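[1] Take a look and give me a structure for this.
(chains A, B, C and D, ligands or ions: 8)
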4 protein chains.
Amino acid sequence: MTDFYKGLSPVKFEGEQSTNALAYRHYNKDEIVAGKRMEDHIRPAVAYWHSFAAEGGDPFGGRTFDRPWYDKGMDGARMKADVAFETFDMLDVPFFCFHDVDIAPEGDSLAESNKNVREIGEIFAKKMETSRTRLLWGTANLFSNRRYMGGAATNPDPDVFTYAAAQVKNVLELTHELGGENYVLWGGREGYETLLNTKIGQESDQMARFLTLVIEHADKIGFKGQILIEPKPQEPTKHQYDYDVATVYGFLQRYGLEKRVKCNIEVGHAFLAGHSFEHELAVASSLGMLGSVDANRNDLQSGWDTDHFPNNPGEMALAFYYILKQGGLGKGGFNFDAKLRRQSLDPADLLYGHVGGLDVLARGLKAAAAMIEDGEFDRLLDERYAGWQSGEGKAILNGERSLENLAERVERENLQPQPRSGRQEYLENLVNRFV
Amino acid sequence: MTDFYKGLSPVKFEGEQSTNALAYRHYNKDEIVAGKRMEDHIRPAVAYWHSFAAEGGDPFGGRTFDRPWYDKGMDGARMKADVAFETFDMLDVPFFCFHDVDIAPEGDSLAESNKNVREIGEIFAKKMETSRTRLLWGTANLFSNRRYMGGAATNPDPDVFTYAAAQVKNVLELTHELGGENYVLWGGREGYETLLNTKIGQESDQMARFLTLVIEHADKIGFKGQILIEPKPQEPTKHQYDYDVATVYGFLQRYGLEKRVKCNIEVGHAFLAGHSFEHELAVASSLGMLGSVDANRNDLQSGWDTDHFPNNPGEMALAFYYILKQGGLGKGGFNFDAKLRRQSLDPADLLYGHVGGLDVLARGLKAAAAMIEDGEFDRLLDERYAGWQSGEGKAILNGERSLENLAERVERENLQPQPRSGRQEYLENLVNRFV
Amino acid sequence: MTDFYKGLSPVKFEGEQSTNALAYRHYNKDEIVAGKRMEDHIRPAVAYWHSFAAEGGDPFGGRTFDRPWYDKGMDGARMKADVAFETFDMLDVPFFCFHDVDIAPEGDSLAESNKNVREIGEIFAKKMETSRTRLLWGTANLFSNRRYMGGAATNPDPDVFTYAAAQVKNVLELTHELGGENYVLWGGREGYETLLNTKIGQESDQMARFLTLVIEHADKIGFKGQILIEPKPQEPTKHQYDYDVATVYGFLQRYGLEKRVKCNIEVGHAFLAGHSFEHELAVASSLGMLGSVDANRNDLQSGWDTDHFPNNPGEMALAFYYILKQGGLGKGGFNFDAKLRRQSLDPADLLYGHVGGLDVLARGLKAAAAMIEDGEFDRLLDERYAGWQSGEGKAILNGERSLENLAERVERENLQPQPRSGRQEYLENLVNRFV
Amino acid sequence: MTDFYKGLSPVKFEGEQSTNALAYRHYNKDEIVAGKRMEDHIRPAVAYWHSFAAEGGDPFGGRTFDRPWYDKGMDGARMKADVAFETFDMLDVPFFCFHDVDIAPEGDSLAESNKNVREIGEIFAKKMETSRTRLLWGTANLFSNRRYMGGAATNPDPDVFTYAAAQVKNVLELTHELGGENYVLWGGREGYETLLNTKIGQESDQMARFLTLVIEHADKIGFKGQILIEPKPQEPTKHQYDYDVATVYGFLQRYGLEKRVKCNIEVGHAFLAGHSFEHELAVASSLGMLGSVDANRNDLQSGWDTDHFPNNPGEMALAFYYILKQGGLGKGGFNFDAKLRRQSLDPADLLYGHVGGLDVLARGLKAAAAMIEDGEFDRLLDERYAGWQSGEGKAILNGERSLENLAERVERENLQPQPRSGRQEYLENLVNRFV
Ligand SMILES: [Co+2]
Ligand SMILES: [Co+2]
Ligand SMILES: [Co+2]
Ligand SMILES: [Co+2]
Ligand SMILES: [Co+2]
Ligand SMILES: [Co+2]
Ligand SMILES: [Co+2]
Ligand SMILES: [Co+2]
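    Numbers count the residues shown, from 1 in each chain, chains lettered A, B, ... in the order given. Ligands and ions are numbered 1, 2, ... in the order given. Take a look at the predicted model:
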């Protein structure tokens, strides 16, 4: 037991009336909502990188946090692991997620780096024997080291592809051994800084090849988890190939991988791509691609990835609506890909971020379940599209009508379709009834 | 001959030293660039809507222009056709494009609307016997009339789908009869205002069905032109399904249509989707989807579709680079989907817009041809990716390596790939050498 | 009594449990919050333009609504006035706002236009004898007619300035006669489309002159209301001079008008200028410039002024926080500058929009009052800046220290200031406790 | 002489036909343009930070560059100074700019930090005896160190204000001693991350106090250079107080400082604030606030400050138009606040960036001078506003007309002002004639 959280008590559910800033007011893990424990709906995870590896820096200034494990090599990595599991306990969350470089320092060769990662992996395995916290997903950081400055899978240099492949092999296997339920690929530098030095067709083929290798290896080692791509439109690159869900879907189909890979959708990345979060969820769900979620939010006025903790219950209500309608996230969950603000220096801040975020998710979940239970929302939606369930509508969709048939009917019936109200204000008010 | 352009002379090429505002300074249609006449590279078209049907209005104010054909029904439509062909002659352009509602007023029924359109179509046919201007593409306006407020193909009401189908049948057939080389679908309201009243999976199926019907009918009537989708991310809708090239490609693949349909890429729509124009061209070209272009530009500080005339030769140089590399636009061309500013009231302004725009295209074309002829740019690009042409790179792409093979090589060779300069500043300077 | 709302009953407060879509669930006008009736805090107003003059059009399509008063000249204007006051009654709101052109059709001369406006003004006066609804503010539309395409006060043609001045005179006097509590200037086309044809220094002087004339006339006729400028960064123009609160403040100071004019802050305009709504309120309040509010919201993904009805209680809580802290809006209020979506065709939709909006304002008000009553928020804020209340901090602010004094103290005390947590996550959670 | 540029020759002007990537093709320092040497118009400066202190890192990855002076303390700082002056020589530029922390490592106390800065300052002074490169401006970095995480002048802790004051004193004095022609304040963290923990009125007073102290000290030590504020809307903070030129102007007036301070306008900051670069220059110039320029550009699709080297001659032509119209920049200049891309690792890349940038500036300057010499542009502008030079227009501006006078004239003359074309397309073509 470290003294990182000295003086602070574990976070418990105390109900809406509580004024204890370190209590859950809405997140009550065992409460049954829509037939399932809240925790089993949300499956919340703490992200190792933002919570334990980040230092409060930004492009205009360095480290502001002051953690006892900084600059201490493998000793630091071990202390960090201790605090990580203490954090999971303090928050009472069932999952965590990590990149290889979050958990252990890089060595002078990949062999040494991998050895370091494995050593901490073993500590995790040990801790997980007694902790109830499991691994939601693992991933390899293929973007921070300067060797990846021009991409990993999409690097012009095949040796970089090779190095990245070897790195993923290690993390994928560790993820599998730790019982991870998903493996995520975020292509942070799979994109371009300038088209002027880029062959996008070539890079697309490289990216598909890389993904195929990962899938084949996952199958080979018996990994049964989901393989997830996390879309993001840009940053750090000017353009990132996994722009949004629709783009990822087109890419996967092109290479015949759309049945094998789903998406991990981050709130802030949806926003940067010009979409609402619920849009990306709805699109992914309609394509069978909604695998997991990175919970956070973007500052509405900032043009970069701010990774704030979520604070808008209304946004989360719409998110959970699509998740509940597809029967939940399955092996996925809600990973807090959210970082403390640069000025949030204190250990307690790390708890506040997660507590507030989890309460917002709980409010969203309860609102979505209530919306669905109420039924009015779904009823209106079905009513609006009822014409397609029978008669001409059905015949059209079934491919039983040609342009000529349709033109003839317009003429014959002198068809003059009359518009009906879309009822947007009514529906917005209806959502607010539950939020 | 109307007196619309009274006192103005036809626009001719006069060379770079000319100070005549109504002369081409760069666009010299018969000049050979990269082995082809300039006109045959650019294939410029005047857009009927912005040039003759628009009125200078915007969301905060009505009509500012004062054209003699306004509010005169079919008489006005005939006068408009006269001025249109006079404009083509004044500008000496080989192509034009139109929507049905641009050329003739809507009637009380689709039958009457179509009859009006056909009557003007016959006037076009007649004029085209003597004019050298041909039809680049036709399209149906499925977004202005209130019946389409909730979409055309994606309307919740199958009757609206039906009406739209009948309307497209008419325009497609007219396009075919006038020798049009392309048929374009821009899904202006195929999208949603609010997800709250929208079933996106359902609407996606409707949209695919509609497109399939159009293709089948095109085949049936022997239309050999390209079928093109024009992507746009939003506006008028909050979200438009044909968001960008990558999204359209995913949609087409999903319904098995990707071999039959290409894209008509508009500069300003690329910008609204968060892309550079050259990005959309490069992506489309790499997917075999680059069919045609809507030439214009967006104001860099405005968040809506401003449809300015193009004025940046550097942007057009990069565009022509991708077009030349794929061997040209084939049946496509450069349609000026550009409108006069609200304050540009005079007939001469209509000429200035096109003259300036065409000169910018010509500068772009010449710059791109010079870049390619110089060869340095392509040489650097090939050099950068040379590693993938042989040895390990080739073996990886050929599927001859597994993660295990790659990991083993990293270990065996203690692989430490060293980054090489991406040379962005050098390449940007190089482009500027030709612009 | 028209039959516009036939079958619908007046909107009453029914409490949070109500499922009546045409009842207030939170807005209870007589409920005392922070010592004052809710209605007296919010002072809600219906906007004549969006509610009665707008037609559902957008840049890609015309009218979708179908109101019985359209295209009926002065008869229509009278019917519109009837429905307007029926709407005020149905919603039970204490205020409305209008532009001259909203209420009466333009004539062939300004004299005739003004006569039309005055005739409807007299109808208003009559109705206000029995209605409890009063005039929050009046304004002149100086942007829709083509004569204003290049600006009104800032037009290159002094005759346009003159015409605009005469138009304002009429509306200002009518506003005064109707007991309006404010007069608003929104400079819709006071800006530029292109700097290339614009002398901004000249136009700035014109704008100041115009504003001065308005103030002088207001004083002359004894108008005691507030004169308000409504900032907006752009749209319809590429750049609008009254960009945001800070810009307006600089402009007013430059011409010595900052004591006489305040701001009317619109949610969506703040967003378009790159600010949060609460930012603009906080800035304005700190400058003594917060006069009134245009309540609405922008779609978060659209780059133009969408004027949705507000639906985010959290946003409104922060707004009311600044309003309550400055002691309320005084003569200002919350004008619903919000329009029905293009597809919201039904009379009931007009009620839904306002009902939902007003409930959101009520929730925001109650949350802000609770935050202030709780006190923790203000206490933390004061604590954070406590160092400036005494000792060195106070001496610095009082001008009692020079750079040399300060540098000497750093050296003498070897000053090493230690950062303290900004507690952002804690504060965000705290706000959510009340929302 | 270090071997940093080994194998590379100094950059000379070789003319437009040159294909030498390390030659100027347009920048010919002694060429007379508009009556002055090109160098004396542009007054280009190399920025110490981006050129010598930056490491190629970004929020998702660390250092990519590999400079021999990294991690070597004061020895490194001395080597860095050597390479800096070699760079100035290689590029043959007349100016440089620096922050204190760029040139020397921070020590354990401010005293030690300042001593380090002074030691390098003495090296500079020595080098400047033989080099022709002078100091355009100096500045203090008040944003990178964690002590400034909550602002410097606007920090809630007066001790941080004090520390910052002492730091500025040192740099201001050094700037003065080195003959610097300007002192710049960029308030990188003078703003807020969240309004929830911020008293903006209080912080505004602090900021004004700080600026006043700087001005007083400048006067005291006899510094005759310009004091400049560099506006930026956000980043690193969510909101920065010096948002744009108009905001800075309002702030300065509020505290009576508008005569004493001008602006240093950065291209990319204008863009982030929603403005074109030429807009900010035109506004500043019209207010007498245009002091100096930070030359760079923003990626058009990125929402953060990318600080690319400039590459658009058309943009720079409009910039120089406003600069030439006000008679030049005086003591200001063009500082390349532009950084190499993360992948631009080679010493040569540093030269390419500046060479390309300077050529673009030279093209812009020549184009602007030609535009002005041609005269058509200014003639059209004057013609457009001619009505304000005499008669009624002049009388209005002179304050000789009231609303009543104006209304009476409208009635008497039945004034019906007719709009005239704004000629935007014509003007855009005209600009392109010179670019
Ligand atoms: Co993420
Ligand atoms: Co993120
Ligand atoms: Co288009
Ligand atoms: Co467009
Ligand atoms: Co408003
Ligand atoms: Co608005
Ligand atoms: Co700068
Ligand atoms: Co910058």
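[2] Let me know the helix or strand that A:Leu136 is in.
    Assessed by DSSP states H and E, A:Leu136 sits inside strand A:134-139.
[3] List the contacts of the residue of the stretch 201-350 of chain A found nearest chain D.
    Closest to chain D within the stretch 201-350 of chain A is A:Gly303: 1.5 Å, counting by CB to the nearest CB. Using the backbone N, CA and C atoms, a C-beta is placed for each residue, glycine as well. The contact partners of A:Gly303, by CB atoms under 8 Å, 6 or more residues apart in numbering or on different chains, come to A:Leu272, D:Leu272, D:Ser302, D:Gly303, D:Trp304.
[4] Find me the pLDDT at it, would you?
    For A:Gly303, the model assigns a pLDDT of 97.
[5] next one: A:Met1
    Looking at A:Met1, its pLDDT is 86.
[6] And it, how far from A:Ser51?
    In this view, A:Met1 and A:Ser51 are 18 Å apart by CB to CB, to the nearest Å.
[7] more crowded one of the two?
    A:Ser51 (25 against 9; other CB atoms under 10 Å in any protein chain shown).
[8] residues near the residue nearest to that one when sequence neighbours are not counted, how many?
    Nearest residue to A:Ser51 in three dimensions, chain neighbours excluded: A:Leu350, at 6.0 Å (CB to CB, 6 or more residues apart in numbering or on different chains). Neighbouring residues of A:Leu350 were enumerated by other CB under 10 Å; the total is 26.
[9] Could you check which helix or strand contains A:Leu350?
    Following DSSP H and E, one finds A:Leu350 within helix A:347-374.
[10] Next, the buried residues of that helix.
    Of the residues in helix A:347-374, those scored as buried under the neighbour-count criterion (16 or more other CB atoms under 10 Å in any protein chain shown) are A:347-369, A:371-372.
[11] hmm, who's touching the helix or strand that that helix is followed by?
    Past helix A:347-374, further along toward the C-terminus, the next helix or strand under DSSP H and E is helix A:376-384. If you take CB under 8 Å, 6+ apart as the criterion, helix A:376-384 is touched by A:Met371, A:Ile372, A:Arg423, A:Leu427, A:Leu430, A:Val431, B:Pro156, B:Leu196, B:Asn197, B:Lys199.
[12] Can you get me a residue count around the closest residue to ligand 1 within the stretch 1-150 of chain A?
    Of all residues in the stretch 1-150 of chain A, A:Ala47 sits closest to ligand 1, with a separation of 7.9 Å (CB to the ion). Counted by other CB under 10 Å, the residues lying close to A:Ala47 total 27.
[13] Now it: phi and psi?
    Backbone geometry at A:Ala47, expressed as degrees, to the nearest 10, gives phi -90, psi 120.
[14] Could I get the contacting residues of it?
    With CB under 8 Å, 6+ apart as the criterion, the residues that contact A:Ala47 are A:Phe96, A:Cys97, A:Phe98, A:Asn335, A:Phe336, A:Asp337, A:Ala338.
[15] Need the three-state assignment for the fourth one.
    With DSSP: H, G, I helix; E, B strand; the rest coil as the basis, the three-state label of A:Asn335 is strand.
[16] give me the element the spatially most central residue of chain A is part of.
    Compute the mean C-alpha point of chain A, and by CA atoms, centre = their mean the closest residue is A:Asp294, 2.6 Å away. Secondary structure from DSSP H and E places A:Asp294 in strand A:290-295.
[17] anything in that strand near ligand 1?
    Yes. Applying CB under 5 Å from the ion, one finds strand A:290-295 touching ligand 1 at A:Asp294.
[18] does any bit of that strand sit next to chain C?
    No. Strand A:290-295 does not reach chain C (CB under 8 Å from any CB of the partner chain); its nearest approach is 13.8 Å.
[19] okay, the next helix or strand after that strand in CSV with CA atoms only?
    On the C-terminal side of strand A:290-295, the closest following helix or strand by DSSP H and E is helix A:313-325. Extracted as CSV, the C-alpha positions of helix A:313-325 are listed here (Å, rounded to 0.1, in the frame of the first residue of the first chain):
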residue,chain,number,x,y,z
PRO,A,313,-25.7,13.6,-19.0
GLY,A,314,-27.8,14.4,-22.0
GLU,A,315,-25.1,13.4,-24.4
MET,A,316,-24.6,10.2,-22.6
ALA,A,317,-28.3,9.4,-22.6
LEU,A,318,-28.4,9.4,-26.4
ALA,A,319,-25.2,7.2,-26.3
PHE,A,320,-26.8,4.7,-24.1
TYR,A,321,-29.9,4.7,-26.1
TYR,A,322,-28.1,3.2,-29.1
ILE,A,323,-26.1,0.9,-26.9
LEU,A,324,-29.2,-0.5,-25.2
LYS,A,325,-31.0,-0.8,-28.5
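[20] now helix A:313-325: mean pLDDT?
    Per-residue pLDDT over helix A:313-325 has a mean of 98.
[21] which parts of it are buried?
    Counting neighbours by 16+ other CB under 10 Å, one finds that the buried residues in helix A:313-325 are A:Pro313, A:Gly314, A:Glu315, A:Met316, A:Ala317, A:Leu318, A:Ala319, A:Phe320, A:Tyr321, A:Tyr322, A:Ile323, A:Leu324.
[22] And for stretch A:91-108?
    Buried positions in stretch A:91-108, judged by neighbour count with 16+ other CB under 10 Å: A:91-106.
[23] same thing with stretch A:217-225?
    By neighbour count on 16+ other CB under 10 Å, the buried set for stretch A:217-225 is A:His217, A:Ala218, A:Phe223, A:Gly225.
[24] Checking the first one next. Helix, strand or coil?
    When you say that, I think you mean A:His217. Per three-state DSSP, the secondary structure class of A:His217 is helix.
[25] Next one: the residue nearest to it when sequence neighbours are not counted, what pLDDT does it get?
    Take A:His217 and drop its neighbours on the chain: the residue closest to it by CB to CB, 6+ apart is B:Leu403, 4.2 Å away. Among the per-residue scores, B:Leu403 holds a pLDDT of 98.
[26] isn't B:Leu403 right up against A:Lys169?
    Yes. In this structure, B:Leu403 is within contact of A:Lys169 by CB atoms under 8 Å, at 4.4 Å.
[27] so which strand or helix has A:Val184?
    With DSSP H and E as the test, A:Val184 turns up in strand A:182-185.
[28] For that strand, which strands pair with it and how are they oriented?
    In its sheet, strand A:182-185 lies beside strand A:134-139 (parallel), strand A:226-229 (parallel), with partners assigned from DSSP bridges.
[29] Go through those and name the closest to ligand 6.
    Among those, strand A:226-229 comes nearest to ligand 6, with 38.4 Å by CB to the ion.
[30] what's the next secondary structure element after that closest one?
    Heading C-terminal from strand A:226-229, the first helix or strand you meet, by DSSP H and E, is strand A:239-240.
[31] residue contacts, the closest residue to ligand 4 within the stretch 51-200 of chain A?
    Among the residues of the stretch 51-200 of chain A, A:Leu195 lies closest to ligand 4, at 22.1 Å counting by CB to the ion. Contact criterion CB under 8 Å, 6+ apart gives B:Ser276, B:Glu278, B:His279, B:Ala282, B:Leu318 as the residues in contact with A:Leu195.
[32] hmm, 6 Å instead?
    B:Glu278, B:Ala282 (CB atoms under 6 Å, 6 or more residues apart in numbering or on different chains).
[33] Up against ligand 1, what does chain A have?
    Applying CB under 5 Å from the ion, one finds that chain A approaches ligand 1 through A:Glu266, A:Asp294, A:Asp337.
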